[in-house]
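>>> Sharing a model that was predicted from the sequence below.
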Amino acid sequence: MAYANTTTTAPRTTGLMARLTDALAARKVYRTTLTELQALDNRDLADLGISRSMIRSIAHEAAYGK
């Protein structure tokens, strides 16, 4: 009697790679936004209606949404 077993791991691996790629892209958006806002002086931030204490939350929202 012959048996055939088929194991497929591609969808799981593909999903994992997609999630990893998405997470890395979101992290890059967070770091870029954070760096750019931190580089602004207080006057520029005030013109935008942003205080220094808001920078991290704004960067987080830009990268990951609410």
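That came through fine. Numbers count the residues shown, from 1 in each chain.

>>> Return the set of buried residues in the host helix or strand of Ala26.
Per DSSP states H and E, Ala26 falls inside helix 10-39. Of all the residues in helix 10-39, those buried under the rule 16 or more other Cβ atoms under 10 Å are 30, 33-34, 37. To be clear about C-beta, it is placed using only N, CA and C from the backbone, and glycine gets the same treatment.

>>> Stretch 37-50: which residues count as buried?
37, 45, 50.

>>> Specify which member of these is nearest to His60.
Using Cβ to Cβ, Leu37 comes nearest to His60 of the buried residues of stretch 37-50, at 11.5 Å.

>>> Tell me how far stretch 49-59 lies from the chain's centre.
17 Å (Cα atoms, centre = their mean, to the nearest Å).

>>> Just checking, which helix or strand of this structure averages the lowest pLDDT?
helix 10-39 (a mean of 92; mean pLDDT, DSSP states H and E).

>>> For it, name the packing helices and strands.
Secondary-structure packing of helix 10-39 (3 or more Cβ pairs under 8 Å, 6 or more residues apart in numbering; DSSP states H and E): helix 55-64.

>>> now the helix it packs on and helix 10-39, what's the angle there?
150 degrees (axes from the mean of the first three to the mean of the last three Cα atoms, to 10 degrees).

>>> how far is helix 55-64 from where the chain is centred?
9 Å.

>>> do stretch 54-66 as well
With Cα atoms, centre = their mean, you get 10 Å for stretch 54-66.

>>> same check, this time on stretch 13-27
Counting by Cα atoms, centre = their mean, stretch 13-27 comes out at 10 Å from the chain centroid.

>>> sorry, back to before: His60: which of the buried residues of helix 10-39 is nearest?
Using Cβ to Cβ, the buried residues of helix 10-39 come closest to His60 at Tyr30, 6.4 Å.

>>> if I look at the closest one, how far off is Ala46?
Per Cβ to Cβ, to the nearest Å, Tyr30 is found 23 Å from Ala46.

>>> Then Asp22?
On the measure of Cβ to Cβ, Asp22 and Ala46 end up 34 Å apart.
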